[in-house]
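> Sequence first, then the predicted structure:
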Amino acid sequence: MKLYLMAVGERMPAWINSGFDEYRKRLGAECGLQLIEIPPHKRTAGQPMEVALQKEAARLLQAIPRDSISIALDRLGKPWSTADLAKHFQGWLQSGQDVVLLIGGPEGLANEVLERVQLRWSLSALTFPHALVRVMVAEQLYRAYSILKNHPYHK
């Protein structure tokens, strides 16, 4: 199984890249967390938001690996506890399927993407910077994995 974090956005601050890399390394080879950055569509004055969403949706959908489980990070998704995430993680490991977690751009994810995914996960009712979500998701994946491996990190 491979984990992919697919995010709209490029050129993140060094502290975001460093934080993500820290948890990616901790997950190790069994999970192989990989970041795939999707270039955002250039916003221009007077252009409807839907145009950018559609262009980003096309790029995201094209990049999703075939036969993978896809999960949208969406404020209207279902909130998961860390224990819930660990249960999902266990299922993903047992299935052997690759898992793709999708983070949208400034306007979120287009309906085409939300209709394509198997699950929608809400990190919180709060709104977070999209860059920070990369680190938060990587940390939560590592935390869930540490629960499955009886590692003391979660304590």
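In hand now; what should we look at?
> Alpha carbons only: can I get the lengthiest strand in the chain in PDB?
Criterion DSSP state E: the longest strand present in the chain is strand 69-79. Output in PDB follows, covering the C-alpha atoms of strand 69-79 (Å, rounded to 0.1, in the frame of the first residue of the first chain):
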ATOM      1  CA  ILE A  69      -9.100   4.600  -2.500                       C
ATOM      2  CA  SER A  70      -9.700   8.300  -2.700                       C
ATOM      3  CA  ILE A  71     -10.600  10.500   0.300                       C
ATOM      4  CA  ALA A  72     -11.400  14.200   0.100                       C
ATOM      5  CA  LEU A  73     -10.400  16.500   2.900                       C
ATOM      6  CA  ASP A  74     -13.700  18.500   3.000                       C
ATOM      7  CA  ARG A  75     -15.200  20.700   5.700                       C
ATOM      8  CA  LEU A  76     -18.500  19.000   5.100                       C
ATOM      9  CA  GLY A  77     -17.000  15.500   5.400                       C
ATOM     10  CA  LYS A  78     -17.300  13.200   8.400                       C
ATOM     11  CA  PRO A  79     -15.200  14.000  11.400                       C
END
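> Could you list the paired strands of it along with their orientation?
Sheet pairing for strand 69-79, assigned by DSSP bridges, gives strand 99-103 (parallel), strand 119-122 (parallel).
> now those strands as TSV including distance to residue 31, mean neighbour count and mean pLDDT?
In short, each C-beta sits where N, CA and C put it, glycine included. As requested, these are exported to TSV (distance: least, CB to CB, whole Å; neighbours: other CB atoms under 10 Å; pLDDT from 0 to 100):
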stretch	distance to residue 31	mean neighbour count	mean pLDDT
strand 99-103	9	25	96
strand 119-122	17	16	96
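> Roughly how far does residue 87 sit from residue 118?
15 Å (CB to CB, to the nearest Å).
> Which residue of these two possesses the greater neighbour count?
residue 87 (15 against 11; other CB atoms under 10 Å).
> Tell me how far that one lies from residue 142.
For residue 87, the distance to residue 142 (CB to CB) stands at 16 Å.
> same deal with residue 55?
32 Å.
> Now do residue 117 against residue 148, distance only.
As defined by CB to CB, residue 117 lies at a distance of 23 Å from residue 148.
> lowest confidence element among the helices and strands of this protein?
Of all the helices and strands that make up the chain, helix 49-63 has the lowest average by mean pLDDT, DSSP states H and E, namely a mean of 90.
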